[in-house]
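Visitor: Below is the structure, and that's it, no one-letter string:
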């Protein structure tokens with residue numbers, strides 16, 4: 001028994017698995033640097049909440065990555081592809097673009113040149129989304145099916161470490177340097193740009209995965225067939241399997257994380273306006289936030305096994321919406337460190353549980369014949385509406401205040417709970433259709 005256990009864990013000592021840890025770090029680094037961390041910088045620079053909300057639209061690049069994903073899969077980059085291969089060439093190009101864009105952001109003063117800062121944030125988001133497209137393909141092609149779970153686990157660990165570094169780490173660096181009398185944000189973003197070397201060096205030292213036989217290639221004579229195979233067929237399969245109920249499922253996918261995403265843009269400006277320092281926010285996020293997110297994700301997996309994915313999905317939807325009311329209570333209490341710890345802990349616990357259940361639900365929806373494409377489409381759909389609405393969050397806060405805003409985001413979760421209940425019926429209908437065939 002013990003020997004079998006050691007054999008099972010031996011996959012984590014393999015070089016291919018270790019590479020996924022560092023590549024996951026590279027993937028997780030840019031997200032908060034155009035969301036939470038940037039919003040704190042903007043608010044501290046005197047940028048109004050309405051503008052901060054609209055700036056969050058840069059993140060729509062991650063929601064739209066499916067548009068250019070087929071081209072990342074099929075097009076060659078001059079000079080680079082011939083020397084590095086299709087996957088590594090796109091990874092290198094995206095990582096260099098990320099490092100350059102982050103370095104440029106470090107030299108930009110948002111109080112003087114907000115338009116340039118917005119353009120650079122879009123550049124970071126676009127390069128980050130492109131890196132994710134290439135990295136997903138690189139990960140899938142780097143090992144057989146028996147290695148994919150270990151690859152995903154190592155990747156997620158690296159991703160979480162990067163989010164700690166780009167969130168709490170960046171805030172701590174900016175606060176410490178600013179205390180010493182220098183430009184804290186410039187140093188913090190330069191350090192983040194330098195941190196992209198982790199992914200860049202890993203990519204250069206990694207072997208190019210073997211291209212799958214029969215991969216669609218973009219050519220003039222068979223463009224129509226390529227477009228049908230890569231883009232149209234996965235959509236057609238999904239609607240064929242679920243019929244008209246597919247629209248209900250898509251509605252749930254598009255709105256499940258809406259409470260968290262819409263609220264999240266205003267979280268750091270909210271902390272700043274309440275008088276919490278960068279060091280205080282960094283400490284709470286780094287310790288309590290990360291621990292509770294991991295606990296929530298682990299709990300979500302365990303609960304899903306015990307009571308089923310849909311019931312866990314329902315629980316996650318209720319908790320994600322309810323914890324937003326804690327932010328409304330914090331707005332009424334003011335600068336209360338103890339209540340901040342409680343609020344962040346509860347919110348991250350609920351978010352971790354909901355995320356675990358949602359990933360399991362999305363995975364169960366995919367057809368194994370189109371798993372990569374359909375999952376990419378689902379993960380893009382889940383971001384478009386929430387991130388679009390999040391752009392107006394600053395306008396709403398200016399109009400009704402933080403307390404009412406957080407209460408309103410909690411109310412956004414009510415339709416989501418109803419959609420989960422409706423999707424429980426979808427599963428019964430789909431199984432009935434399959435049995436009749």
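Guide: Done, it's in. The structure presented is a predicted model; accordingly, all values stated were derived computationally and were not measured. Residues are numbered from 1 along each chain as shown.
Visitor: Let me see the domain layout of the protein.
Guide: 15-207, 223-437 (automatic domain parsing).
Visitor: Pipe those domains into JSON lines and attach mean pLDDT and mean neighbour count per row.
Guide: C-betas here are computed from N, CA, C, even on glycine. Below are the domains of the chain laid out as JSON lines (pLDDT from 0 to 100; neighbours: other C-beta atoms under 10 Å):
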{"stretch": "domain 15-207", "mean pLDDT": "83", "mean neighbour count": "20"}
{"stretch": "domain 223-437", "mean pLDDT": "77", "mean neighbour count": "18"}
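Visitor: so who does residue 314 touch?
Guide: 417, 420, 421 (C-beta atoms under 8 Å, 6 or more residues apart in numbering).
Visitor: List the ones among those residues that fall in helices.
Guide: 417, 420, 421 (DSSP state H).
Visitor: Nearest to residue 401 among those?
Guide: residue 417 (25.5 Å; C-beta to C-beta).
Visitor: Surely that closest one and residue 319 touch.
Guide: No. If you go by C-beta atoms under 8 Å, residue 417 and residue 319 don't touch, sitting 10.6 Å apart.
Visitor: Secondary structure element holding residue 207?
Guide: Using DSSP states H and E, no element contains residue 207; it sits outside every helix and strand.
Visitor: Let me see the backbone angles for it.
Guide: Main-chain dihedrals, residue 207, degrees, to the nearest 10: phi -80, psi 150.
Visitor: May I have the residues that are in contact with it?
Guide: With C-beta under 8 Å, 6+ apart, residue 207 has no contacts at all.
Visitor: With residue 130 instead?
Guide: 65, 68, 72, 90, 93, 94, 97.
Visitor: 10 Å instead?
Guide: 61, 65, 68-69, 71-72, 90-91, 93-95, 97-98 (C-beta atoms under 10 Å, 6 or more residues apart in numbering).
Visitor: try residue 385
Guide: Neighbouring residues of residue 385 by C-beta under 10 Å, 6+ apart: 63, 251, 253, 254, 255, 257, 258, 261, 262.
Visitor: May I see those residues organised as JSON lines, with distance to residue 194 and secondary structure added?
Guide: Putting these into JSON lines (distance: C-beta to C-beta, whole Å; DSSP: H, G, I helix; E, B strand; the rest coil) gives the following:
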{"residue": "63", "distance to residue 194": "28", "secondary structure": "helix"}
{"residue": "251", "distance to residue 194": "42", "secondary structure": "helix"}
{"residue": "253", "distance to residue 194": "37", "secondary structure": "helix"}
{"residue": "254", "distance to residue 194": "37", "secondary structure": "helix"}
{"residue": "255", "distance to residue 194": "38", "secondary structure": "helix"}
{"residue": "257", "distance to residue 194": "31", "secondary structure": "coil"}
{"residue": "258", "distance to residue 194": "35", "secondary structure": "helix"}
{"residue": "261", "distance to residue 194": "29", "secondary structure": "helix"}
{"residue": "262", "distance to residue 194": "33", "secondary structure": "helix"}
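Visitor: Residue 201: which of those residues is nearest?
Guide: residue 63 (29.5 Å).
Visitor: Let me know whether that closest one touches residue 389 as I believe.
Guide: No. Counting by C-beta atoms under 10 Å, residue 389 is not a contact partner of residue 63; they are 11.9 Å apart.
Visitor: List the contacts of the closest residue in space to residue 55 that isn't next to it in sequence.
Guide: Setting aside the residues directly before and after it, residue 55 is nearest to residue 118 in space (C-beta to C-beta, 6 or more residues apart in numbering), at 5.8 Å. By C-beta under 10 Å, 6+ apart, the residues touching residue 118 are 34, 42, 51, 54, 55, 57, 58, 108, 110.
Visitor: can you give me the strands for the stretch 101-250 of the chain?
Guide: With strands called from DSSP state E, counting those that start in this stretch, the stretch 101-250 of the chain shows none.
Visitor: Would you agree residue 174 is in contact with residue 188?
Guide: Yes. Using C-beta under 10 Å, residue 174 is in contact with residue 188, at 4.1 Å.
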